[in-house]
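> Next one to model:
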Amino acid sequence: MGMVRKKDMKKTTKPGHGQEEQPVPLSRTQKKKAAASLQDLGERLVKLPDEQLDQINLPGDLLAAVKAAKIIKKHCPLNRQMQYIGCLMRMYDPSPVKEFLDALDRGKSPGKRAVCKQR
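Predicted coordinates:
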């Protein structure tokens, strides 16, 4: 029998201990694309009139951030506010908001109120 190297010992698994599947972490690019898509969703929210914003049951902090973004006219502060809206959108489930905005784009009036729940 020859010598056993440390790196060879790491490769072997102990009997009875199968390799468990670990969730694949998102790459930096995937995280940035997800953040950018949520920020784009926030920009679509800012363009909506207040009546339609009230139909979406947004959390208070997100609704306040969207309404504050409507008031801001300068470019740089508006960009910061959009990033903040994107940050807030990551805390909540964006699928009801996406469905609501997609229904508006198709020309249908959304029948039920979209509820944005925390993740």
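> just for the protein, where's the confidence low?
When residues are selected by pLDDT under 70, those of the chain lie in 1-20, 109-119.
> which residue sits closest to the spatially most central residue of it, ignoring its sequence neighbours?
In the chain, the centroid-proximal residue (Cα atoms, centre = their mean) is residue 90; its distance is 3.9 Å. Excluding the flanking residues, the one nearest residue 90 by Cβ to Cβ, 6 or more residues apart in numbering is residue 38, at 6.0 Å. To be clear about C-beta, it is placed using only N, CA and C from the backbone, and glycine gets the same treatment.
> re the thing from before, and the strand or helix carrying the residue nearest to the centre of the chain, what other elements does it pack with?
In this assignment (DSSP states H and E), residue 90 forms part of helix 75-91. With contacts defined as 3 or more Cβ pairs under 8 Å, 6 or more residues apart in numbering; DSSP states H and E, helix 75-91 has these neighbours: helix 28-47, helix 60-71.
> what number of residues lie near residue 50?
Residue 50 has 10 neighbouring residues, counting by other Cβ atoms under 10 Å.
> From residue 41, how far out is it?
18 Å (Cβ to Cβ, to the nearest Å).
> ok, now residue 77?
20 Å.
> Looking at the two, which one has more neighbours?
The neighbour comparison of residue 77 against residue 41 (other Cβ under 10 Å) goes to residue 41, with 16 against 12.
> isn't that one right up against residue 95?
No - if you go by Cβ atoms under 8 Å, residue 41 and residue 95 don't touch, sitting 10.4 Å apart.
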